[in-house]
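Colleague: Make a model of this:
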Amino acid sequence: MNTELSQVSDAQLTADDSNEELEVTETLATTEAAAEIPELTFADFGVRAEIVDSLAEAGITHPFPIQSMTLPVALGGHDIIGQAKTGTGKTLGFGIPALQRVIVPADDEYESLPAPGAPQALIVVPTRELAVQVASDLTTAARRRGARIVTIYGGRAYEPQIEALEAGVEIVVGTPGRLIDLHNRRQLSLKNVRIVVLDEADEMLDLGFLPDVETLMAATPAARQTLLFSATMPGPVVAMARRYMTKPTHIRAADPEDEGLTKKDIRQVVYRAHNLDKSEVVARILQARGRGRTIIFTKTKRTAAKLSEELVDRGFAAAAIHGDLGQGAREQAMRAFRNEKVDVLVATDVAARGIDVDDVTHVINYQCPEDEKTYLHRVGRTGRAGNKGTAVTFVDWDDVPRWGLINKALGMDQAEPLETYSSSPHLYTDLDIPEGTKGRLPRNKRVLAGIDAEKLEDLGETGKSGGRRAPRSDSGQRSGGRSSDRGGRGSGAGGRSSREGSREGARRSPEKAAEAPAAASGESAKADRPRRNRSRTRRRNGEVVSKAPAAE
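Modeller: Predicted structure coming up:
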């Protein structure tokens, strides 16, 4: 049955888990319906020529379904609730209207603004990685427009962000915590914001950011345009939309062939695997035919770091992203992944939220997700923007009941994962792995530069250590690090013993060198002096109770 583009006036949007309702005008966008209309370009929607030319230079000429439905409404100045599965191209759906709406210094009316250089567009996202990605996409689209874009998020030094705001910006992209911080310090003014975008609103709810988002919304002018994008519509998100939006249009990007909650472009394979054999299975999956960029998800930071190191030892170009890494190291890993210096990214759930790379071919759930929402967020990193993808999930024996609940919630037909080992024949046939593949990448196939080929920037970070752990030397010590002896003195591969430090100090300072022999002779004299023997007398109430003779 063909589903056509339809508009339903005064439709009711009902929250997923509450009885709250929101009056909206609903527009349903489907890929099948989009195929029935003439293929349009961005210019056909009235997008500025500078933005169209910038996108064309990047090879982007035709909008995705949600973009084609969003642009006419958003460019008309109306509020929007955009609902679509991850990977459908929402960024340009709100990025182009933001770029179109702001007034840049090259425009004639710029000097007539109430506060030239103050932010005119605010885009709020849940994670640092997503903030960097959105800002990058907007920078690409604004190459000929001249709009100044600044990214504001935690883990970096305040000074460069404050300096960028003081120099003047048109669009601010940031995470709620740092945005609130700079706003409270009066470094970020929101009085002149003309358009507000809330991206991944359901994730911001999951991470506990919704109160901060509402604080930011309350600081913006009432006469503004608001665009809210979310994969799902839980009750608190709908409640926020009711308070801060005016007659929004609800736009859903759906595909008639998507029967379940997961995308049809993703092939999903589930195995019951033994924990001690998982890394060997992963090493063989990474050698499948046609395997491109791959993201491996873990539950813990320790597992992410350990697996990444093991894959590097096996010859793969791998990098890790997790909470124990500083922001500089996390951005180094993401740049290396996007620039194809590494093709395997090992990440924890929170750190990986917002990773937006279109051509990820494989996602591997190294550990079973906690629930169906986590599963959707993970596998949604592949099969993006019309591409095909493969999702492999490992389920430990203890996780079989949890997987049963996830399988039921998502309507999948894999309640009993197939027991699988690195030597199982079906592993090779299921994932198109060449016969005879072993757990190490052959040397003639190690062609990528690796994480060290990407520069590690000094971001003046707050909190976490800025770098990743130094590699181990052959003796097992970490080069450049301190040993862990009880005295705390560095006597390992990269440290000095206290004696070496004394020699170095004497070598650097003549005065100290002259004092050192005198101090040494003084200590020697004390050692040679005969020791006085003393008797011990115990008294009670002034009277002698006992008297011990002096020791020999």
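
Colleague: Break this structure into its domains for me.
Modeller: 6-254, 266-443 (automatic domain parsing).

Colleague: mind checking which of those is nearest E454?
Modeller: domain 266-443 (4.0 Å; CB to CB). Glycine gets a C-beta too; all of them are placed from N, C-alpha and C.

Colleague: sorry, back to before: weakest of the domains of the chain by average pLDDT?
Modeller: Note on the domains of the chain: domain 6-254 shows the lowest mean pLDDT, a mean of 85.

Colleague: now the domains of the chain in CSV, with distance to L459?
Modeller: Below are the domains of the chain laid out as CSV (distance: least, CB to CB, whole Å):
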stretch, distance to L459
domain 6-254, 5
domain 266-443, 5
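
Colleague: would TSV of the ones you listed with mean neighbour count be doable?
Modeller: Output for the domains of the chain, formatted as TSV (neighbours: other CB atoms under 10 Å):
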stretch	mean neighbour count
domain 6-254	19
domain 266-443	19
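
Colleague: which stretch among those domains comes nearest I451?
Modeller: domain 266-443 (4.4 Å).

Colleague: Quick check: end-to-end length of the closest one?
Modeller: 31 Å (CA to CA, to the nearest Å).

Colleague: and that domain, how far out from the chain's middle?
Modeller: 16 Å (CA atoms, centre = their mean, to the nearest Å).

Colleague: tell me the contacts of the closest residue to G315 other than its chain neighbours?
Modeller: Distances taken as CB to CB, 6 or more residues apart in numbering put L441 closest to G315, at 3.5 Å, once the chain neighbours are dropped. Shown in contact with L441 (CB atoms under 8 Å, 6 or more residues apart in numbering): 283, 286-287, 314-316.

Colleague: Select, out of the domains of the chain, the one closest to G450.
Modeller: Using CB to CB, these put domain 266-443 closest to G450, at 5.0 Å.

Colleague: quick one: the helices in the stretch 201-350 of the chain?
Modeller: For the stretch 201-350 of the chain, the helices defined by DSSP state H, counting those that start in this stretch cover 201-206, 210-219, 235-244, 278-285, 301-313, 327-338, 349-352.

Colleague: The helix or strand following the shortest one pairs with which strands, parallel or anti?
Modeller: Of the helices and strands lying after helix 349-352 in sequence (DSSP states H and E), the nearest is strand 360-365. Each strand pairing with strand 360-365, determined using DSSP bridges, is listed with its direction: strand 293-298 (parallel), strand 389-395 (parallel).

Colleague: what angle sits between the first one and helix 301-313?
Modeller: Which is strand 293-298. 140 degrees (axes from the mean of the first three to the mean of the last three CA atoms, to 10 degrees).

Colleague: I'd assumed the residue nearest to G315 was in a strand, is it?
Modeller: No - counting by DSSP: H, G, I helix; E, B strand; the rest coil, L441 falls outside a strand, being coil.

Colleague: Need the strands paired with strand 360-365 in JSON lines (columns: distance to R243).
Modeller: Shown next, in JSON lines, are the strands paired with strand 360-365 (distance: least, CB to CB, whole Å):
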{"stretch": "strand 293-298", "distance to R243": "35"}
{"stretch": "strand 389-395", "distance to R243": "37"}
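
Colleague: looking at the ones you listed, which is closest to A231?
Modeller: Closest among the strands paired with strand 360-365, using CB to CB: strand 389-395, at 16.5 Å.

Colleague: Residues contacting that closest one, please?
Modeller: 265-273, 278, 281, 285, 360-369, 375, 378-379, 382-383, 403, 417, 431.

Colleague: if I look at the residue nearest to G315, how far off is V357?
Modeller: Remark: distance between L441 and V357 (CB to CB, to the nearest Å) = 21 Å.

Colleague: Can you list the low-confidence ranges for the stretch 401-550 of the chain?
Modeller: 461-550 (pLDDT under 70).

Colleague: list the contacts for K278?
Modeller: K278 sits in contact with 366, 394, where contact means CB under 8 Å, 6+ apart.

Colleague: redo that, cut-off 6 Å
Modeller: Residues near K278 by CB atoms under 6 Å, 6 or more residues apart in numbering: F394.

Colleague: Please report how far it lies from E435.
Modeller: Taken as CB to CB, the span from K278 to E435 is 21 Å.

Colleague: before we move on, what about A223?
Modeller: In terms of CB to CB, A223 sits 66 Å off from E435.

Colleague: Over to G117?
Modeller: Using CB to CB, G117 is found at 63 Å from E435.

Colleague: Also P442?
Modeller: For P442, the distance to E435 equals 14 Å [CB to CB].

Colleague: now T420
Modeller: Counting by CB to CB, the gap from T420 to E435 is 16 Å.

Colleague: got the contact list for stretch 158-169?
Modeller: Contacts of stretch 158-169 (CB under 6 Å, 6+ apart): 117, 119, 148, 150, 152, 187.

Colleague: Export only the CA atoms of that stretch, formatted as PDB.
Modeller: Output of stretch 158-169 as PDB, limited to C-alpha atoms (Å, rounded to 0.1, in the frame of the first residue of the first chain):
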ATOM      1  CA  TYR A 158      36.900  28.400  29.000                       C
ATOM      2  CA  GLU A 159      39.100  31.200  27.600                       C
ATOM      3  CA  PRO A 160      39.000  30.300  23.800                       C
ATOM      4  CA  GLN A 161      35.200  29.900  24.000                       C
ATOM      5  CA  ILE A 162      34.800  33.200  25.800                       C
ATOM      6  CA  GLU A 163      37.100  34.900  23.300                       C
ATOM      7  CA  ALA A 164      35.100  33.600  20.400                       C
ATOM      8  CA  LEU A 165      31.900  34.900  21.900                       C
ATOM      9  CA  GLU A 166      33.400  38.300  22.600                       C
ATOM     10  CA  ALA A 167      34.700  38.500  19.000                       C
ATOM     11  CA  GLY A 168      31.100  38.000  17.700                       C
ATOM     12  CA  VAL A 169      29.200  34.900  16.500                       C
END
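
Colleague: Now for A222: which residues touch it?
Modeller: Contacts for A222 (CB under 6 Å, 6+ apart) come out as none.

Colleague: and if we set it to 10 Å?
Modeller: 244, 246 (CB atoms under 10 Å, 6 or more residues apart in numbering).

Colleague: Equivalent analysis for D202, please.
Modeller: By CB under 10 Å, 6+ apart, the neighbours of D202 are 16, 83, 126, 210, 229-234, 236-237, 373, 377.

Colleague: rerun at 6 Å
Modeller: Neighbours of D202 in contact, by CB under 6 Å, 6+ apart: 230-232.

Colleague: what about it, distance to F64?
Modeller: D202 is 20 Å from F64, by CB to CB.

Colleague: residue contacts, the residue nearest to R335 when sequence neighbours are not counted?
Modeller: In this structure, R335 finds its nearest non-sequential neighbour in E454, 5.1 Å apart by CB to CB, 6+ apart. Taking CB under 6 Å, 6+ apart, we find E454 in contact with 332, 335-336, 341.

Colleague: is it possible to export these to TSV including distance to A131?
Modeller: Below are the contacts of E454 laid out as TSV (distance: CB to CB, whole Å):
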residue	distance to A131
Q332	16
R335	15
A336	19
K341	22
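
Colleague: Pick out the most distant pair among those residues.
Modeller: Q332 and K341 (9.8 Å).

Colleague: related to what we said a few turns ago, tell me which of the strands paired with strand 360-365 sits nearest to G76.
Modeller: Taking CB to CB, strand 389-395 is the member of the strands paired with strand 360-365 nearest to G76, at 34.7 Å.
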